[in-house]
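Chemist: sequence unavailable; structure follows:
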């Protein structure tokens, strides 16, 4: 595969993965309540196992890379959601000092 074909393949693969993740996030991933560390562990396993098994081939590498990227993006998304939940603002009632002054009128 020439350099130009490899660059085009990588760009197309990245765009397809991003579109796939966006669709999965909207329709599937937001419904699943999974611990983020489980997703991170699965991503690490998907990243390490093919190198231990010495699996080769463009198709297998593409599937493994895509699955790893999807799991890692899901982990990042879950981490952002967790931080937003931790930083929720508590609304305190505002003091109304004039209420006591005008009570006699």
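Modeler: Okay, I see it. Keep in mind the model is a prediction, meaning the values are calculated, not measured. Numbering: from 1, shown residues only.

Chemist: dump the residue contacts of residue 75.
Modeler: By Cβ atoms under 8 Å, 6 or more residues apart in numbering, the contact list for residue 75 reads 36, 39-40, 43. Backbone N, C-alpha and C define where each C-beta goes, glycine included.

Chemist: give me the phi and psi for it.
Modeler: Dihedral angles of residue 75 (phi, psi; degrees, to the nearest 10) stand at phi -60, psi -50.

Chemist: can you pull the buried residues of stretch 61-79?
Modeler: 64, 66-75, 77-78 (16 or more other Cβ atoms under 10 Å).

Chemist: show me the contacts for residue 25.
Modeler: Counted by Cβ under 8 Å, 6+ apart, residue 25 has contacts 74, 77.

Chemist: please, which helix or strand holds it?
Modeler: Per DSSP states H and E: residue 25 is located in helix 3-27.

Chemist: so for that helix, what gets flagged as buried?
Modeler: 17, 21.

Chemist: pLDDT at residue 12, what is it?
Modeler: On the pLDDT scale, residue 12 is placed at 90.

Chemist: again with residue 19
Modeler: At residue 19, pLDDT is 91.

Chemist: that one: what's it in contact with?
Modeler: Not one residue lies near residue 19 by Cβ under 8 Å, 6+ apart.

Chemist: which residues of this structure fall in helices?
Modeler: 3-27, 36-53, 58-86, 98-101 (DSSP state H).

Chemist: just so I know, which of those lies nearest residue 92?
Modeler: helix 98-101 (16.5 Å; Cβ to Cβ).

Chemist: tell me where this protein is predicted with low confidence.
Modeler: Within the chain, the stretches with pLDDT under 70 are 1, 81-89, 96-105.

Chemist: at 80 what do you get?
Modeler: For the chain, applying pLDDT under 80 flags the ranges 1, 29-31, 50-61, 80-105.

Chemist: now residue 21: closest residue in space, sequence neighbours ignored.
Modeler: residue 73 (5.1 Å; Cβ to Cβ, 6 or more residues apart in numbering).

Chemist: sorry, slip of the keys, the one I care about is residue 69.
Modeler: residue 17 (5.5 Å).
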